[in-house]
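**Q** Here is my input, please return the structure:
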Amino acid sequence: MIQVTVERVGFDQDSDQAVLLLSDRSKSFILPIWVKSQEATAIALPLQDIKPPRPVTADLAADIIEKLGASVVMALITEIKDDVFHSVLVLNHGGREIELDSRPSDSIAIALRTSSPIYVSDSVMAEAGIPSKSTDVQ
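**A** Residues are numbered from 1 along each chain as shown. Model (predicted):
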């Protein structure tokens with residue numbers, strides 16, 4: 001597993017698409033994941049320290065997790081199947097680990113709200129990661 005951070009969220013003004021750029025800690029690799037603009041906005045809000053007047057779905061999910069006495073262990077992007085990224089949101093509840101199937105955009109949005117780490121499996125990074133030409137994400 002490779003720990004990553006969300007380096008950038010880019011929006012395409014002409015479509016309902018956006019790209020998440022995830023980077024490993026050494027910034028050697030970038031993993032682009034295309035998502036809908038609504039999901040990208042849910043990820044961009046906590047990155048910009050913006051709290052909307054009403055909770056978005058990721059805020060609600062994070063609140064439910066906390067109020068039920070669980071905590072987020074990590075978001076993990078597990079595989080690519082038929083050109084679609086898959087992930088799990090890993091929770092801890094009373095010492096028991098629970099894996100919830102999740103879209104990467106949802107698990108990342110919840111992880112950001114709960115200050116939880118985000119990981120990518122080695123196989124996903126090997127398949128879809130792009131080597132960074134410098135130490136700065138372009």
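
**Q** Tell me if residue 49 really is in a strand.
**A** No: assessed with DSSP: H, G, I helix; E, B strand; the rest coil, residue 49 is coil; it does not lie in a strand.

**Q** Count the neighbours of it for me.
**A** For residue 49, the neighbour count with other C-beta atoms under 10 Å is 6. C-beta coordinates here come from the backbone N, C-alpha and C atoms, glycine included.

**Q** Check residue 17 too.
**A** When neighbours are counted by other C-beta under 10 Å, residue 17 registers 14.

**Q** could you measure it against residue 105, distance?
**A** Distance, residue 17 to residue 105, by C-beta to C-beta, to the nearest Å: 12 Å.

**Q** Check residue 60 too.
**A** According to C-beta to C-beta, residue 60 and residue 105 sit 15 Å apart.

**Q** quick one, which of these two is more surrounded?
**A** residue 105 (23 against 12).
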